[in-house]
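[1] give me the fold of what follows.
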Amino acid sequence: MTRLEVWAPDGMPEVSAGDDLTGLVLAALATDDGAGLADGDVLCVTSKVVSKAEGRVRPGEREAAIDEETVRVVARRGPTRIVRTRHGLTMAAAGVDASNVAVGSIVLLPLDPDASARALRREVHARTGVNVGVVVTDTAGRAWREGQTDIAVGAAGLLVAEDFAGRADRHGNPLAVTLPAVADELAGAAELAQGKLSARPVAVVRGRADLVLPPGQDGPGATSLVRAEGSDMFGWGAREAVVRALAGDPADRVPFGSPAPADELAAALVRLPDPADRTAVTAVCFAHGWSLEEWERRAT
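    Numbers count the residues shown, from 1 in each chain. Coordinates of the predicted model:
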């Protein structure tokens, strides 16, 4: 039998720049009915309190901050922007938040969430002798699904994904690409205990000590869960992809991915209402990683 326990302590005070976040977390856990921390626990902390402690709160306009944190806009629908941040994350508003802070202030994501997780893990071990994994969490939407869930934007001392590729299920069927993102699953479990309006930014998940690495081994971090540019099938929003392909700017090519096989491009071109429309052919070639000249040379 496997049992998973999740709890989030009450009594965490408001966090400000320069505060001893480790001390505040340990103090909150010490008053939590004696639950405390044990070897193999996973400590989940919201990115917001990490950012507050690291001085990532500032006065200003949210839209201007989104501009600063954005590498490129993936999709836009009215005032909503889905962007790729300098962390490599694809999320609404670049993770910039204006809730649970003073009116007129905004919170940015930590500069390096993995580094934040490593620092917190080291301090917990130094002060308590307890070996835990640490996850820095933030809220994100999902393609094809309503609502949001928490994900890991930073991690330390943890296997962030379990690779089942090459194994077989109980019926002998081979598993080819099964890769549970366990760090994200832990973040989602933690959020169930924390809630959004309960001032409980810290949670402990117990029962998956097998995922926690020995002291001194921080693991690949949550950064390893970020897909590289061009490897995601949805590098542009549907509308944006059309415009980018027609514009044909070489700087826009990478998110379309690696060049498609020639037969795949040929099948797409056949679907055009007018195969002689060079504008349309050029755009389809661009979206498939080809230039019109490359395609015409191959066709001849």
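[2] contacts and neighbour counts: CA atoms only from here.
    OK.
[3] where exactly do the strands run in the stretch 51-200 of the chain?
    Taking DSSP state E, counting those that start in this stretch, the strands of the stretch 51-200 of the chain run over residues 57-59, 70-77, 80-85, 90-92, 105-107, 133-142, 145-156.
[4] of those, which is nearest Gly235?
    Closest approach to Gly235 among these (CA to CA): strand 70-77, 6.7 Å.
[5] next, the buried residues of the closest one.
    Thr70, Val71, Arg72, Val73, Val74, Ala75, Arg76 (16 or more other CA atoms under 10 Å).
[6] for that strand, name the packing helices and strands.
    Taking 3 or more CA pairs under 8 Å, 6 or more residues apart in numbering; DSSP states H and E as contact, the helices and strands that strand 70-77 lies on are strand 80-85, helix 238-247.
[7] now it against strand 80-85, angle please.
    160 degrees (axes from the mean of the first three to the mean of the last three CA atoms, to 10 degrees).
[8] note down every partner strand of strand 70-77 and its orientation.
    strand 80-85 (antiparallel) (DSSP bridges).
[9] neighbouring contacts of the partner strand?
    Contacts to strand 80-85, defined as CA atoms under 8 Å, 6 or more residues apart in numbering, come from residues 69-76, 89-94.
[10] now, which of those sits nearest Val135?
    Leu89 (15.6 Å).
[11] was I right about that closest one contacting Val226?
    Yes: the pair Leu89 / Val226 is scored as a contact, 6.6 Å apart, by CA atoms under 8 Å.
[12] compare those two (neighbour count), which wins?
    Shown here are Leu89 and Val226; by other CA atoms under 10 Å, Leu89 has more neighbours (20 against 13).
[13] so who does the more buried one touch?
    Residues near Leu89 by CA under 8 Å, 6+ apart: Val83, Val226.
[14] before we move on, the earlier item: got JSON lines for the strands of the stretch 51-200 of the chain, with distance to Val15 too?
    Shown next, in JSON lines, are the strands of the stretch 51-200 of the chain (distance: least, CA to CA, whole Å):
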{"stretch": "strand 57-59", "distance to Val15": "11"}
{"stretch": "strand 70-77", "distance to Val15": "26"}
{"stretch": "strand 80-85", "distance to Val15": "25"}
{"stretch": "strand 90-92", "distance to Val15": "24"}
{"stretch": "strand 105-107", "distance to Val15": "12"}
{"stretch": "strand 133-142", "distance to Val15": "15"}
{"stretch": "strand 145-156", "distance to Val15": "19"}
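[15] any chance you could map the helices in the stretch 101-250 of the chain?
    Here the stretch 101-250 of the chain has its helices, by DSSP state H, counting those that start in this stretch, at 113-128, 182-194, 238-247.
[16] and of the ones you listed, who's closest to Val153?
    helix 113-128 (6.1 Å).
[17] which two of the buried residues of strand 70-77 lie the greatest distance from each other?
    Val71 and Arg76 (14.2 Å).
[18] wait, isn't Arg58 in contact with Val103?
    No: with contacts counted by CA under 8 Å, Arg58 stays clear of Val103, the gap being 10.7 Å.
[19] more neighbours: the two, which one.
    Between Arg58 and Val103, counting by other CA under 10 Å, Arg58 is the more crowded of the two (15 against 10).
[20] for that one, what are its contacts?
    Ser105, Ile106, Val107.
[21] any idea which of those residues is closest to Ala183?
    Val107 (23.0 Å).
[22] end-to-end on stretch 67-83?
    Terminal residues of stretch 67-83 lie 9 Å apart, using CA to CA, to the nearest Å.
[23] over it, what's the mean pLDDT, rounded is fine.
    When pLDDT is averaged over stretch 67-83, the result is 96.
[24] got it, and stretch 90-108?
    Per-region confidence: stretch 90-108 scores 92 on mean pLDDT.
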